[in-house]
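A.B. asks: I would like the atomic coordinates for the input below:
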Amino acid sequence: MINLKKNFTFVRLKQPQYKIHMKILNRFIFILAVIVFLSNQAKSQVYYNINIALADPENVDSLDLNNAYLDNLPKNIGDLENLVYLDLSYNNLKKLPSSFAKLTKLETLIIEENQLKELPNNFGNLKNLRILNLTNNKITKLPKNFPELINLTELNLSHNRIIEIPKEISKLHNLKKINLSYNKIAEVGNLSKLEILEILDLSKNKLIEFPKSIVKIPKLKVLILNKNKITALSDKIKDLKNLEELDMEYNKMDAFHPVIFEQTNLTRINFGFNKIKALPKGLLEMDTLKYLDLRGNKIPSKQIKELRDSLVNCDINMRLNTNELQNALEYTSMEIALKKPESVYILSLINTPVIPKEIVKFSNLQSLNLEDNNISKLPYQIGELTNLEILKLARNSISVIPKAIKRLKHLKMLDLRDNEISSVPEDIGELKELQYIDLRQNNLSSLPKSICNLPNLEVLSIESNSITQLPENIGNLKNLVTLFAAKNKLERLPKSIGGLKNLTELDINQNVNLSKLPKEIGKMENLIKLSAGNNNLKIIPKEIGDIRNLSDINFHGNFLDSLPASLSKLEYLIILDISSNNFETFPSVVTEIPNLNKLSASDNKFKTLPSEIGNLMFLEELDLFGNQLTEIPKEIGMMESLSILNLFGNQLTKLPPEFANCLSIRSVDLRMNPINEGEKYKIKTYVNGAEVRFSSE
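C.D. replies: Numbers count the residues shown, from 1 in each chain. I've put the predicted structure just below:
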């Protein structure tokens with residue numbers, strides 16, 4: 001920092017003079033601070049081109065060459081002597097030049113997804129390196145001077161071809177995190193000198209025994225041994241006094257080792273997809289556990305229930321992930337499913353009008369499909385299926401949703417369309433993981449306020465009900481992407497609807513009592529499709545022009561006689577339907593929508609079209625069916641993309657000769673227009689073989 005007292009001489013001044021000089025001094029200090037700030041900003045700029053970086057090597061401290069199609073690095077890369085951060089991921093590098101070792105200030109080096117087989121012999125010169133990521137290469141060994149990376153704290157060598165843990169690693173005393181997953185390691189050597197190592201990942205190797213040498217790592221907190229062939233834990237694991245997380249899914253263990261109960265710091269255990277068939281009593285007393293994963297094991301549901309009752313603060317996960325669930329066997333018979341209830345994750349039943357009480361035996365059930373069964377009642381036992389994620393009950397005769405549904409805490413999809421439901425319980429607001437709700441074709445007149453408390457809801461479909469208003473706090477559904485509310489009795493939309501920032505599609509068609517849209521609709525910045533046809537709209541708010549991503553608008557069947565000028569701001573709008581409204585004059589703003597591709601303006605009262613219609617150079621489809629047009633302006637010839645033109649049912653006697661310039665035209669419908677034979681002949685010559693229809697048939 002500059003010492004201003006040392007560089008400036010202060011003299012005692014009269015008060016006015018003193019104030020003036022202090023103002024000058026303060027301004028100078030401000031300017032100097034800005035210069036220093038900008039200088040630091042320039043120095044920390046990230047470069048994305050190796051040649052540009054080498055043109056000014058002294059000022060480069062961050063270089064991102066991720067996915068830069070590099071086969072080699074230039075030999076003078078060592079000139080980047082101030083480089084601190086370097087990302088070389090997703091290239092085709094087979095080796096690093098020896099000059100690479102000159103990057104002695106480097107702290108973070110990422111070389112994911114390349115073709116490296118080895119590192120330079122002088123790689124250990126990078127003594128300031130803290131983070132090294134070499135995942136997805138072809139490395140088999142490390143250079144002898146690798147232990148000289150004395151400041152290294154994170155090392156990722158996953159997805160390589162390492163057969164044994166290099167001895168060089170054990171000398172890196174500052175390592176806190178090591179990832180050696182997806183290699184070919186069969187034995188683990190002595191790692192006891194890694195005194196501050198906290199995380200070790202040896203997943204997907206060739207381990208058949210629990211590596212006893214690991215227990216000598218004093219500070220180890222997270223141990224990941226997934227996807228090996230380990231059959232049992234070692235007694236020595238009790239020496240890992242600081243162990244908090246143990247991941248051993250997809251191994252071959254058939255039981256819990258009693259020593260695990262002595263691990264008082266252990267909060268997370270993942271033993272998914274082993275061969276465990278029973279739970280020991282000691283597990284019921286592990287009060288410190290916060291998460292226990294037992295997916296894919298054949299444990300009786302009674303024991304799982306007992307475990308849940310004992311470990312009330314522990315998340316006991318029996319649920320498959322999305323990919324695992326897709327590959328799980330789908331059971332279609334209760335008789336067969338009941339033979340192995342703990343193995344049933346997907347159940348689909350037909351001809352089952354009464355849900356059997358035995359369904360509670362499927363404690364691991366995640367997907368239940370009971371569509372088209374004429375079910376009239378959901379039993380309260382449905383709430384016992386606490387792992388359920390998908391519940392399909394469409395096309396039944398269900399009239400009541402039981403309160404027990406609130407126990408399905410992991411439910412993501414609820415399909416109740418085409419039933420006889422008249423109300424939705426407030427308890428639905430407790431299903432925080434819900435992403436999809438389908439309540440179409442029921443007897444609903446309202447929605448519960450609590451539905452607005454579903455933070456993960458993405459799709460809400462309530463079409464074909466009798467709902468008169470949406471909940472006032474609908475805008476709280478920040479992750480809602482699609483809202484289908486057509487064919488209801490909506491009278492208005494709440495102002496909070498503008499809070500649906502992630503909504504891309506809004507369908508409010510056929511709400512005949514809906515007479516206006518709130519101006520807050522303009523805040524729905526990601527809306528792409530707006531369907532508001534067959535309503536009672538008489539005016540569209542100007543704020544619609546603020547929805548810059550709109551590409552498809554349907555205002556069909558309303559009572560509009562004008563459109564807001566702000567529509568011209570919608571540069572992504574390609575589909576516009578204003579058919580069956582009260583327009584007497586063609587709205588000029590339509591001709592200012594720059595990329596309009598399809599325009600439906602049928603069934604209005606247009607007598608003429610403006611000459612500006614020729615501005616719609618990207619318009620391909622134009623529907624003017626059922627208006628009162630007596631002529632088409634010659635500027636139609638400027639519409640070079642026009643391919644389909646519907647002029648059925650107007651008062652036209654001819655088309656202008658300039659129509660011949662519409663070289664893309666494929667179809668013209670001129671039925672029900674008073675065009676004589678001579679003009680018909682001319683029109684056929686204009687269209688160069690395109691389909692033209694004149695007859696009324």
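
A.B. asks: Relative to Gly637, how far out is the nearest residue to Glu520 once chain neighbours are set aside?
C.D. replies: Using C-beta to C-beta, 6 or more residues apart in numbering and skipping residues adjacent in sequence, the residue nearest Glu520 is Gly498, 3.2 Å away. (C-beta placed from N, C-alpha, C; glycine too.) Distance from Gly498 to Gly637, counting by C-beta to C-beta, to the nearest Å: 43 Å.

A.B. asks: rewinding a little: you'd agree the residue nearest to Glu520 is in a strand?
C.D. replies: No. Assessed by DSSP: H, G, I helix; E, B strand; the rest coil, Gly498 does not belong to a strand; its assignment is helix.

A.B. asks: what's the pLDDT at it?
C.D. replies: Listed pLDDT for Gly498 reads 96.

A.B. asks: List the residues that contact it.
C.D. replies: 475, 518, 520-524 (C-beta atoms under 8 Å, 6 or more residues apart in numbering).

A.B. asks: okay, the residues you listed in JSON lines with distance to Tyr182, pLDDT and neighbour count next?
C.D. replies: Shown next, in JSON lines, are those (distance: C-beta to C-beta, whole Å; pLDDT from 0 to 100; neighbours: other C-beta atoms under 10 Å):
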{"residue": "Gly475", "distance to Tyr182": "45", "pLDDT": "96", "neighbour count": "22"}
{"residue": "Pro518", "distance to Tyr182": "54", "pLDDT": "96", "neighbour count": "16"}
{"residue": "Glu520", "distance to Tyr182": "51", "pLDDT": "97", "neighbour count": "18"}
{"residue": "Ile521", "distance to Tyr182": "50", "pLDDT": "96", "neighbour count": "22"}
{"residue": "Gly522", "distance to Tyr182": "50", "pLDDT": "96", "neighbour count": "19"}
{"residue": "Lys523", "distance to Tyr182": "47", "pLDDT": "96", "neighbour count": "19"}
{"residue": "Met524", "distance to Tyr182": "44", "pLDDT": "96", "neighbour count": "25"}
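
A.B. asks: What is the nearest of those to Leu439?
C.D. replies: Comparing these against Leu439 with C-beta to C-beta places Gly475 closest, at 19.5 Å.

A.B. asks: How much space separates the closest one from Asn511?
C.D. replies: 19 Å.

A.B. asks: Ok, Leu88 next?
C.D. replies: In terms of C-beta to C-beta, Leu88 sits 57 Å off from Asn511.

A.B. asks: can you count the residues close to Glu505?
C.D. replies: Applying other C-beta atoms under 10 Å, we find 16 residues neighbouring Glu505.

A.B. asks: Bridged to it, which residues?
C.D. replies: Thr482, Lys529 (DSSP bridges).

A.B. asks: was I right about it contacting Lys529?
C.D. replies: Yes. Under the criterion of C-beta atoms under 8 Å, Glu505 makes contact with Lys529 at 4.5 Å.

A.B. asks: partner residues bridging the nearest residue to Ile575 once chain neighbours are set aside?
C.D. replies: Once flanking residues are discounted, Ile575 sits nearest to Asp552: 4.3 Å by C-beta to C-beta, 6+ apart. Counting by DSSP bridges, Asp552 is bridged to Lys529, Ile575.

A.B. asks: Could you pull up the residues touching Asp552?
C.D. replies: 528-531, 573-575.

A.B. asks: got a pLDDT number for the residue most central in space within the chain?
C.D. replies: Centroid check for the chain by C-alpha atoms, centre = their mean gives Asn479 as the closest residue, at 10.0 Å. At Asn479, the model reports a pLDDT of 97.

A.B. asks: Surely it is in contact with Glu458?
C.D. replies: Yes. Asn479 lies in contact with Glu458 (C-beta under 8 Å); the separation is 5.7 Å.

A.B. asks: Model confidence for Pro300, exactly?
C.D. replies: With respect to pLDDT, Pro300 scores 86.

A.B. asks: Also Tyr380?
C.D. replies: On the pLDDT scale, Tyr380 is placed at 88.

A.B. asks: Who's the closest spatial neighbour of it, skipping the chain neighbours?
C.D. replies: Distances taken as C-beta to C-beta, 6+ apart put Ala404 closest to Tyr380, at 4.5 Å, once the chain neighbours are dropped.

A.B. asks: pretty sure that neighbour belongs to a strand, no?
C.D. replies: No. Per three-state DSSP, Ala404 lies outside any strand segment and is helix.

A.B. asks: residue ranges of the strands in the stretch 51-200 of the chain, please?
C.D. replies: 62-64, 85-87, 108-110, 131-133, 154-156, 177-179, 199-201 (DSSP state E, counting those that start in this stretch).

A.B. asks: Counting neighbours, what do you get for Asn534?
C.D. replies: Asn534: 20 neighbours (other C-beta under 10 Å).

A.B. asks: pretty sure it is in contact with Phe559, am I right?
C.D. replies: No. With contact taken as C-beta under 8 Å, Asn534 and Phe559 are classed as non-touching, separated by 10.9 Å.

A.B. asks: re the thing from before, separation between the residue nearest to Ile575 and Pro280?
C.D. replies: Where Pro280 is concerned, Asp552 sits at a distance of 60 Å (C-beta to C-beta).

A.B. asks: next one: Leu180
C.D. replies: As for Leu180, its distance to Pro280 is 31 Å (criterion: C-beta to C-beta).

A.B. asks: Comparing those two, which residue is more hemmed in?
C.D. replies: Remark: of Leu180 and Pro280, Leu180 carries more neighbours, 24 against 15, as counted by other C-beta under 10 Å.
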